[in-house]
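In: let me see the structure of the following:
(2 chains)
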Amino acid sequence: EAGVTQFPSHSVIEKGQTVTLRCDPISGHDNLYWYRRVMGKEIKFLLHFVKESKQDESGMPNNRFLAERTGGTYSTLKVQPAELEDSGVYFCASSPWRNYGYTFGSGTRLTVV
Amino acid sequence: AQKVTQAQTEISVVEKEDVTLDCVYETRDTTYYLFWYKQPPSGELVFLIRRNSFDEQNEISGRYSWNFQKSTSSFNFTITASQVVDSAVYFCALSEAARNTDKLIFGTGTRLQVFP
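Out: Have a look, this model is predicted:
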(Lines give C-alpha, C1' and ligand atoms only; values in the text may rest on other atoms or scores of the structure.)
Protein backbone atom coordinates (compact mmCIF):
# COMPACT_ATOMS: atom_id res chain seq x y z
CA GLU A 1 0.00 0.00 0.00
CA ALA A 2 1.19 3.52 -0.70
CA GLY A 3 2.24 5.50 2.33
CA VAL A 4 1.41 9.05 3.34
CA THR A 5 2.61 11.44 0.66
CA GLN A 6 3.49 15.05 1.25
CA PHE A 7 4.52 17.71 -1.22
CA PRO A 8 6.42 19.71 -1.77
CA SER A 9 9.28 18.15 0.15
CA HIS A 10 10.93 21.56 0.45
CA SER A 11 9.65 25.09 0.06
CA VAL A 12 11.48 28.37 0.40
CA ILE A 13 9.32 31.48 0.37
CA GLU A 14 9.67 35.10 1.34
CA LYS A 15 8.01 36.58 4.37
CA GLY A 16 4.51 37.70 3.50
CA GLN A 17 3.98 35.16 0.74
CA THR A 18 1.51 32.31 0.76
CA VAL A 19 2.38 28.63 0.78
CA THR A 20 0.15 25.60 0.51
CA LEU A 21 1.26 22.20 1.71
CA ARG A 22 -0.50 19.06 0.57
CA CYS A 23 -0.93 15.68 2.20
CA ASP A 24 -2.33 12.51 0.66
CA PRO A 25 -3.12 10.01 3.42
CA ILE A 26 -3.24 6.27 3.07
CA SER A 27 -6.43 5.33 1.24
CA GLY A 28 -9.22 4.50 3.65
CA HIS A 29 -7.68 6.25 6.65
CA ASP A 30 -10.36 8.49 8.12
CA ASN A 31 -8.00 10.18 10.57
CA LEU A 32 -5.54 12.74 9.26
CA TYR A 33 -3.20 14.84 11.38
CA TRP A 34 -0.85 17.76 10.91
CA TYR A 35 2.18 18.33 13.12
CA ARG A 36 5.18 20.59 12.87
CA ARG A 37 8.65 20.77 14.27
CA VAL A 38 10.11 24.22 14.57
CA MET A 39 13.90 24.40 14.68
CA GLY A 40 15.32 22.62 17.69
CA LYS A 41 12.00 22.14 19.40
CA GLU A 42 9.67 19.22 19.88
CA ILE A 43 7.15 18.01 17.33
CA LYS A 44 3.85 19.73 18.06
CA PHE A 45 0.28 18.88 17.13
CA LEU A 46 -1.58 21.26 14.83
CA LEU A 47 -4.89 19.58 14.05
CA HIS A 48 -6.82 16.38 13.51
CA PHE A 49 -9.39 15.61 10.83
CA VAL A 50 -11.88 12.79 10.94
CA LYS A 51 -12.94 12.44 7.34
CA GLU A 52 -13.64 16.00 6.26
CA SER A 53 -14.42 17.37 9.73
CA LYS A 54 -11.98 19.06 12.08
CA GLN A 55 -11.97 16.97 15.23
CA ASP A 56 -9.42 19.08 17.07
CA GLU A 57 -7.68 22.21 15.84
CA SER A 58 -6.39 23.34 19.21
CA GLY A 59 -2.78 23.32 18.01
CA MET A 60 -3.21 25.76 15.15
CA PRO A 61 -1.00 28.69 16.11
CA ASN A 62 -3.09 31.54 14.67
CA ASN A 63 -5.50 32.50 11.92
CA ARG A 64 -2.75 32.67 9.32
CA PHE A 65 -3.00 28.88 9.14
CA LEU A 66 -5.91 27.27 7.31
CA ALA A 67 -6.35 23.53 6.92
CA GLU A 68 -8.87 21.78 4.72
CA ARG A 69 -9.65 18.22 3.82
CA THR A 70 -11.66 18.02 0.68
CA GLY A 71 -14.16 15.18 0.61
CA GLY A 72 -12.29 13.41 3.37
CA THR A 73 -9.39 12.56 1.09
CA TYR A 74 -6.30 14.73 0.72
CA SER A 75 -5.63 17.70 2.95
CA THR A 76 -4.01 21.08 2.44
CA LEU A 77 -2.42 23.40 4.95
CA LYS A 78 -2.15 27.00 3.83
CA VAL A 79 -0.03 29.61 5.54
CA GLN A 80 -0.98 33.16 4.58
CA PRO A 81 0.92 35.40 5.05
CA ALA A 82 3.99 33.42 6.08
CA GLU A 83 6.20 34.74 8.86
CA LEU A 84 9.79 33.87 9.73
CA GLU A 85 8.73 31.83 12.78
CA ASP A 86 6.68 29.52 10.56
CA SER A 87 9.87 27.90 9.31
CA GLY A 88 10.13 24.25 10.24
CA VAL A 89 9.17 20.77 9.13
CA TYR A 90 5.47 20.07 8.69
CA PHE A 91 4.44 16.46 9.06
CA CYS A 92 1.22 14.85 8.01
CA ALA A 93 0.04 11.50 9.35
CA SER A 94 -2.95 9.23 8.91
CA SER A 95 -4.52 6.39 10.84
CA PRO A 96 -7.50 4.10 10.38
CA TRP A 97 -8.52 4.36 14.05
CA ARG A 98 -7.73 6.52 17.05
CA ASN A 99 -4.80 5.49 19.23
CA TYR A 100 -3.77 2.89 16.69
CA GLY A 101 -0.46 4.43 15.75
CA TYR A 102 -0.02 6.83 12.89
CA THR A 103 1.75 6.48 9.58
CA PHE A 104 3.66 9.67 8.97
CA GLY A 105 4.75 11.24 5.74
CA SER A 106 8.30 12.43 5.13
CA GLY A 107 7.40 16.00 5.91
CA THR A 108 7.64 19.33 4.14
CA ARG A 109 10.55 21.52 5.12
CA LEU A 110 9.35 25.12 4.98
CA THR A 111 11.83 27.96 5.08
CA VAL A 112 10.57 31.52 5.29
CA VAL A 113 13.21 34.14 4.48
CA ALA B 1 -0.58 18.65 32.19
CA GLN B 2 0.79 16.06 29.83
CA LYS B 3 4.49 15.99 29.23
CA VAL B 4 7.08 13.64 27.80
CA THR B 5 10.72 13.97 28.77
CA GLN B 6 13.61 12.43 26.90
CA ALA B 7 16.56 13.62 28.92
CA GLN B 8 19.20 12.14 26.62
CA THR B 9 19.75 14.54 23.76
CA GLU B 10 22.35 12.46 21.98
CA ILE B 11 23.89 9.03 22.51
CA SER B 12 26.86 7.56 20.67
CA VAL B 13 27.72 3.88 20.76
CA VAL B 14 29.86 1.46 18.84
CA GLU B 15 28.21 -1.28 16.85
CA LYS B 16 27.11 -4.33 18.84
CA GLU B 17 26.75 -2.37 22.05
CA ASP B 18 23.39 -2.37 23.81
CA VAL B 19 21.78 1.02 24.31
CA THR B 20 18.76 2.21 26.29
CA LEU B 21 16.79 5.31 25.44
CA ASP B 22 14.90 6.80 28.36
CA CYS B 23 11.38 8.19 28.32
CA VAL B 24 9.50 9.64 31.29
CA TYR B 25 5.95 10.88 30.96
CA GLU B 26 3.42 12.87 32.97
CA THR B 27 -0.33 12.56 32.73
CA ARG B 28 -3.34 12.84 35.00
CA ASP B 29 -5.37 10.34 33.00
CA THR B 30 -5.61 6.70 33.99
CA THR B 31 -6.04 5.57 30.40
CA TYR B 32 -3.40 6.60 27.95
CA TYR B 33 -1.15 5.30 25.20
CA LEU B 34 2.59 5.47 24.76
CA PHE B 35 4.46 5.30 21.48
CA TRP B 36 7.95 5.20 20.09
CA TYR B 37 8.82 6.55 16.64
CA LYS B 38 12.07 6.43 14.72
CA GLN B 39 13.21 9.22 12.41
CA PRO B 40 16.01 8.01 10.14
CA PRO B 41 18.10 10.47 8.09
CA SER B 42 15.52 10.27 5.30
CA GLY B 43 13.16 12.27 7.53
CA GLU B 44 9.97 10.28 7.88
CA LEU B 45 8.69 9.20 11.28
CA VAL B 46 8.41 5.43 11.52
CA PHE B 47 6.04 3.87 14.03
CA LEU B 48 7.76 1.34 16.29
CA ILE B 49 5.38 0.45 19.10
CA ARG B 50 2.16 1.36 20.90
CA ARG B 51 1.49 0.43 24.51
CA ASN B 52 -1.69 1.15 26.49
CA SER B 53 -1.63 2.07 30.15
CA PHE B 54 -3.21 -1.20 31.28
CA ASP B 55 -0.59 -3.40 29.72
CA GLU B 56 2.67 -3.31 31.64
CA GLN B 57 4.16 -6.37 30.01
CA ASN B 58 7.51 -5.78 28.46
CA GLU B 59 7.69 -6.27 24.74
CA ILE B 60 10.44 -7.64 22.57
CA SER B 61 10.64 -7.38 18.82
CA GLY B 62 13.87 -8.71 17.44
CA ARG B 63 16.68 -6.55 18.78
CA TYR B 64 14.21 -4.02 20.18
CA SER B 65 12.63 -4.21 23.61
CA TRP B 66 10.51 -1.88 25.67
CA ASN B 67 10.17 -1.62 29.44
CA PHE B 68 6.98 0.05 30.66
CA GLN B 69 6.83 0.87 34.37
CA LYS B 70 3.84 2.82 35.63
CA SER B 71 5.37 3.15 39.08
CA THR B 72 8.10 5.37 37.67
CA SER B 73 6.10 6.71 34.68
CA SER B 74 8.73 5.43 32.32
CA PHE B 75 8.68 3.71 28.96
CA ASN B 76 12.26 2.94 28.07
CA PHE B 77 13.50 1.51 24.80
CA THR B 78 16.49 -0.80 24.49
CA ILE B 79 18.31 -1.78 21.34
CA THR B 80 20.41 -4.90 21.74
CA ALA B 81 23.52 -5.41 19.64
CA SER B 82 23.11 -2.05 17.92
CA GLN B 83 23.81 -1.65 14.23
CA VAL B 84 24.76 1.33 12.09
CA VAL B 85 21.26 1.26 10.55
CA ASP B 86 19.85 2.04 13.99
CA SER B 87 21.31 5.54 13.75
CA ALA B 88 18.34 7.89 13.89
CA VAL B 89 16.41 10.24 16.13
CA TYR B 90 13.98 8.38 18.38
CA PHE B 91 10.86 10.01 19.76
CA CYS B 92 8.69 8.91 22.63
CA ALA B 93 5.08 10.15 22.63
CA LEU B 94 1.93 10.07 24.75
CA SER B 95 -1.76 10.30 23.92
CA GLU B 96 -4.67 10.38 26.35
CA ALA B 97 -7.55 8.09 25.49
CA ALA B 98 -10.23 10.07 27.30
CA ARG B 99 -10.01 13.00 24.97
CA ASN B 100 -11.88 13.40 21.70
CA THR B 101 -8.65 13.25 19.78
CA ASP B 102 -5.60 11.04 19.94
CA LYS B 103 -3.12 13.84 19.42
CA LEU B 104 0.40 12.98 20.43
CA ILE B 105 2.56 14.80 22.92
CA PHE B 106 6.14 14.22 21.82
CA GLY B 107 9.38 14.31 23.70
CA THR B 108 12.24 16.28 22.23
CA GLY B 109 13.87 13.14 20.83
CA THR B 110 17.14 11.32 21.36
CA ARG B 111 19.66 11.23 18.55
CA LEU B 112 21.39 7.85 18.44
CA GLN B 113 24.61 7.47 16.51
CA VAL B 114 25.97 3.98 16.04
CA PHE B 115 29.55 3.86 14.80
CA PRO B 116 31.05 0.88 13.01
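
In: which bits of chain B sit near chain A?
Out: Counting by CB under 8 Å from any CB of the partner chain, chain B comes close to chain A at B:33, B:35, B:37, B:42-47, B:50, B:52, B:91, B:95, B:97, B:99-109. Every residue, glycine included, has its C-beta placed from N, CA and C.

In: in strands, which of the residues you listed appear?
Out: If you go by DSSP state E, these have B:33, B:35, B:37, B:46-47, B:50, B:52, B:91, B:95, B:105-106 in strands.

In: okay, and the beta partners of the residue nearest to the spatial centre of chain A?
Out: Central residue of chain A (CA atoms, centre = their mean): A:W34, 3.5 Å from the mean position. With DSSP bridges as the criterion, A:W34 is bridged to A:L47, A:C92.

In: in contact with it, which residues?
Out: A:23, A:45-47, A:67, A:75, A:77, A:90-92 (CB atoms under 8 Å, 6 or more residues apart in numbering or on different chains).

In: how about B:K3?
Out: B:K3 touches B:25-26, B:105, counting by CB under 8 Å, 6+ apart.

In: next helix or strand past the lowest-mean-pLDDT helix or strand in chain B?
Out: Here the helix or strand of chain B ranked lowest by mean pLDDT, DSSP states H and E is strand B:59-61, holding a mean of 88. Sequence-wise, the next helix or strand downstream of strand B:59-61 (DSSP states H and E) is strand B:64-69.

In: that following strand: how far from the chain's middle?
Out: Mean C-alpha position of strand B:64-69 versus that of the full chain (CA atoms, centre = their mean, to the nearest Å) differs by 9 Å.

In: run the angle between it and strand B:46-52 for me.
Out: On the basis of axes from the mean of the first three to the mean of the last three CA atoms, to 10 degrees, strand B:64-69 is oriented at 30 degrees to strand B:46-52.

In: ok, residues contacting the helix or strand immediately after strand B:64-69 in the chain?
Out: Per DSSP H and E, strand B:64-69 leads on to strand B:74-79 as the next helix or strand towards the C-terminus. Contact with strand B:74-79 is made by B:18-25, B:34, B:36, B:48, B:51, B:63-69, B:86, B:90, B:92, B:112, as judged by CB under 8 Å, 6+ apart.
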